[in-house]
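Student: Requesting a structural model of the entry that follows:
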Amino acid sequence: MAGAPRAQLTISPERIPVTSFYHGSTLTADVVVPSGSEIALKLEGGRSRVTFNRKGRVFLLWMNVGDVTIDNAPHAYILYTSTELSELASGETLQRWGLGLDAVAPQIETRGEGIDRETMLLEFFNYKEKSGLYRLSYGSLRPDLRDDGHDQYSVSIPLPSTIPVGRYLVGLYVFRDGRIVQRASEAVTIEKTGFPLFVSRLAREHEAEYGLLAIVVAVMAGFFIGLVFSRVGRRRPR
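Tutor: Numbering: from 1, shown residues only. Okay, the predicted model is just below:
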């Protein structure tokens, strides 16, 4: 409808540098939507293949009993909503827009012997949630009410230090009466800078030099550790 209030999404920062001292960061999303709307805010990006060793009991010992491969899973998946997921929209609508792990699961490929797909996905999602790369927070968003026909949200999204570099999309979905009425999206880039970027390029473009550097660093680390312990030993009271 012409002249209707429009949804707005602003994220900060748009680029996150990963330095040698990177310990995670916080992304801020500022949202303005028409009053009375419900919203979902999703960060998602990257696709990867990972293989895990599956543990099992063999007689009295826990041992590796096989591999589990998860393919085409998002590097990170973080979802906040202003109400319970089931109250936002129908399952079909949630599936269409990739909202919720039930909507993500069909995209993921799994391979493993002696274990069913449902268990593989459950263990994988638990692992990702513990690492902070997957986070689901339903009904946690509360608006600041304004008198101009809009509601305002300010959302802090913690990003763990383990998040892979790459481009991630922050999507805003505005619901009314179970239907998506507006959408907006912004991209955030996580990129290596400084020494981590140098090492990454060296490993990719100059494998021999990277191998030599790794050996030198290992030798130097061993030398300094030995030096520290030898001094501690000499200072120990007799």
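
Student: After the strand or helix carrying Tyr127, which helix or strand is next? Please name it.
Tutor: Taking DSSP states H and E as the definition, Tyr127 sits inside helix 117-130. Under the assignment DSSP H and E, the closest C-terminal helix or strand after helix 117-130 is strand 134-137.

Student: ok, which stretches of this protein are strands?
Tutor: With strands called from DSSP state E, the chain shows them at 8-12, 15-18, 25-34, 38-58, 61-81, 109-112, 134-137, 144-145, 150-159, 166-176, 179-192.

Student: Partner strands of the fourth one and their direction?
Tutor: Counting by DSSP bridges, the strands paired with strand 38-58 are strand 61-81 (antiparallel), strand 166-176 (antiparallel).

Student: The third one now?
Tutor: Partner strands for strand 25-34, per DSSP bridges, with pairing direction: strand 8-12 (antiparallel), strand 150-159 (antiparallel).

Student: For Val174, list each beta-bridge partner.
Tutor: Beta-bridge partners recorded for Val174 (DSSP bridges): Ile39, Gln182.

Student: Please tell me how far it sits from Arg135.
Tutor: 21 Å (Cβ to Cβ, to the nearest Å). Every C-beta, even on glycine, is put in place using the N, C-alpha and C of the backbone.

Student: out of the two, which sits in the more crowded spot?
Tutor: Higher neighbour count among Val174 and Arg135: Val174, with 21 against 16, using other Cβ atoms under 10 Å.

Student: Is it correct that that one is in contact with Asp151?
Tutor: No - with contact defined as Cβ atoms under 8 Å, Val174 does not reach Asp151; the gap is 10.1 Å.
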